[in-house]
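# with the sequence up front, the predicted model follows.
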Amino acid sequence: MIYGLSLMLLGVLSAASFIVSRRPDAKELIEKLAKYQGYFGVVGALWGAWVLVRCVLDLRLVGLPLGLWLTQVAVGAMLLGNGFLLGYNLAMSWLKDEAARAHASQVYQKLLPYQTRLGLAAIVLGAWGVLSSLVVWRL
């Protein structure tokens, strides 16, 4: 469930402009969250990288049904992608290596046009994660 809630939070921040254009009353709440988006992003990106590594290296996860394993991979990718986009500016203030900064900038520029789509996908995947965990807990 925590994955789902985290994805929904990152998704709302990534798709903030789209959400506010549809629901202007959400602007105030999103602005409160946006103050911390860099920190949410850095933590989300690191967590997403860990989920992806765990999906490959943890043999118990490889034994899951394909749909569940692919869901875990998608969760990791969404956490990493949305987290990178949201935490980019904060992470750049910490990076000193020029080669790493240049590479991160290239990746950021490639992902930036898809930020809203990634955010909406994260919201949907997060909702799926919350709902599926509630169903599993009921069984």
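Okay, I see it.
# buried stuff in stretch 121-131?
121-123, 125-126, 129-130 (16 or more other C-beta atoms under 10 Å). For glycine as for every other residue, the C-beta is placed from the backbone atoms N, C-alpha and C.
# an error on my part: the question was meant for stretch 3-21.
Taking 16+ other C-beta under 10 Å as the criterion, stretch 3-21 shows 3-4, 6-16, 19-20 as buried.
# where's the dip in pLDDT among the buried residues of stretch 121-131?
Here the lowest pLDDT out of the buried residues of stretch 121-131 sits on Gly129, with 83.
# where does this protein dip in pLDDT?
59, 61-64, 136-139 (pLDDT under 70).
# which SSE is the most centrally placed residue in it in?
The centre of the chain sits closest to Leu79, judged by C-alpha atoms, centre = their mean, with a distance of 2.7 Å. Secondary structure assignment for Leu79, by DSSP states H and E: helix 66-94.
# just checking, what packs against that helix?
Here helix 66-94 touches helix 2-14, helix 37-57, helix 59-62, helix 98-111, helix 115-138, going by 3 or more C-beta pairs under 8 Å, 6 or more residues apart in numbering; DSSP states H and E.
# okay, the ones you listed in JSON lines with distance to Ala74 next?
Converted to JSON lines, those look like this (distance: least, C-beta to C-beta, whole Å):
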{"stretch": "helix 2-14", "distance to Ala74": "9"}
{"stretch": "helix 37-57", "distance to Ala74": "10"}
{"stretch": "helix 59-62", "distance to Ala74": "13"}
{"stretch": "helix 98-111", "distance to Ala74": "16"}
{"stretch": "helix 115-138", "distance to Ala74": "6"}
